[in-house]
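In: after the sequence you'll find the predicted model.
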Amino acid sequence: MTNPNKKRSVSSTVATEVKSPVPARTSSRSSVVEFNPDYSYVKKDLTRIGILAGSFFVILVVLSFFLR
């Protein structure tokens, strides 16, 4: 027996178009702020990490020859 009061959910595959509530504005401002961050400290840190990792790897390889 099926329940006659039970409703089936119907999924639709119709694409809906999303419209922006604010229309696009054309600005006459000539001042544009450019995002130009300074990441020189990141490069220095990555270089230091790379040198440390490489030196530790070399130390492990050298130790493996002596400890055999």
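Out: Perfect, I can see it now. Numbering: from 1, shown residues only.

In: so where's this protein uncertain?
Out: 1-4, 6-30 (pLDDT under 70).

In: and with 80 instead?
Out: In the predicted model, the chain carries pLDDT under 80 at residues 1-30.

In: count residues in the vicinity of residue 37, would you?
Out: Other residues near residue 37 number 6, with proximity taken as other Cβ atoms under 10 Å. (C-beta placed from N, C-alpha, C; glycine too.)

In: name the helix or strand for it, please.
Out: Per DSSP states H and E: residue 37 is located in neither a helix nor a strand.

In: ok, now which ones touch it?
Out: With Cβ atoms under 8 Å, 6 or more residues apart in numbering as the criterion, no residue contacts residue 37.

In: so what's the backbone phi/psi at it?
Out: For residue 37, the backbone dihedrals (degrees, to the nearest 10) come out as phi -80, psi 160.

In: again, but for residue 39
Out: phi -110, psi 30.

In: repeat that for residue 34.
Out: Listed backbone geometry of residue 34 is phi -100, psi 140, with angles given as degrees, to the nearest 10.
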